[in-house]
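J.: What shape does this take:
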Amino acid sequence: MTHFTLSKKMNELEVKLIGDLDIDSTELIEEELLPALMQHQTIIINFEEVPFIDSSGIGLLLSTIQTLNEQQIALTISKVRTEVMDIFEMLQIPEIVGKDIFV
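T.: Residues are numbered from 1 along each chain as shown. Model (predicted):
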């Protein structure tokens, strides 16, 4: 089961996702995490403990990025595991959302 932790650092919010980002996590992200993100101007999403992402997780991530962009909230995705980054690259996610979002 997926869960997350939030930690505020200066003017930014770091979100540490823990667990698979899949169909089971979409409700948690949409109902609990997204409203919390809207309260900040700079967001870092830490993928260090996300070992797997499926198509619903990819869709959720793209939707979240679009929503944050529309609200002019800066977003960075950090510490993506190799196996997850391989999926992102296979689907050309860095090209779609911008390579500069990944650090």
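
J.: hey, let's count contacts and neighbours off CA atoms from now on
T.: Noted.

J.: Next, the buried residues of stretch 5-16.
T.: Residues of stretch 5-16 classed as buried under the neighbour-count rule (16 or more other C-alpha atoms under 10 Å) are L13, E14, V15, K16.

J.: Count the neighbours of the closest residue to I73 other than its chain neighbours for me.
T.: Of all residues not flanking I73 in the chain, Q41 sits nearest, at 4.7 Å (C-alpha to C-alpha, 6 or more residues apart in numbering). Q41: 15 surrounding residues under other C-alpha atoms under 10 Å.

J.: Pull up the gap between Q41 and G57, please.
T.: From Q41 over to G57 the distance is 23 Å, taken as C-alpha to C-alpha, to the nearest Å.

J.: Also M90?
T.: 15 Å.

J.: Equivalent analysis for L6, please.
T.: Applying C-alpha to C-alpha, the value for L6 to G57 is 19 Å.

J.: Identify each buried residue in the lowest-mean-pLDDT helix or strand in the chain, please.
T.: Using mean pLDDT, DSSP states H and E, helix 26-28 stands out as the lowest-scoring helix or strand of the chain, at a mean of 86. Using 16+ other C-alpha under 10 Å as the test for burial, helix 26-28 gives T26.

J.: same question, stretch 78-96
T.: S78, V80, V84, M85, I87, F88, I93.

J.: could you redo these as JSON lines and give each row pLDDT?
T.: As requested, the buried residues of stretch 78-96 are arranged in JSON lines below (pLDDT from 0 to 100):
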{"residue": "S78", "pLDDT": "98"}
{"residue": "V80", "pLDDT": "98"}
{"residue": "V84", "pLDDT": "97"}
{"residue": "M85", "pLDDT": "97"}
{"residue": "I87", "pLDDT": "97"}
{"residue": "F88", "pLDDT": "97"}
{"residue": "I93", "pLDDT": "97"}
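
J.: Now, the residues you listed that are in strands?
T.: Among those, the members falling in strands (DSSP state E) are S78.

J.: And the buried residues of stretch 78-96, which two are furthest apart?
T.: Greatest spatial distance among the buried residues of stretch 78-96 (C-alpha to C-alpha): S78 and I87, at 15.2 Å.
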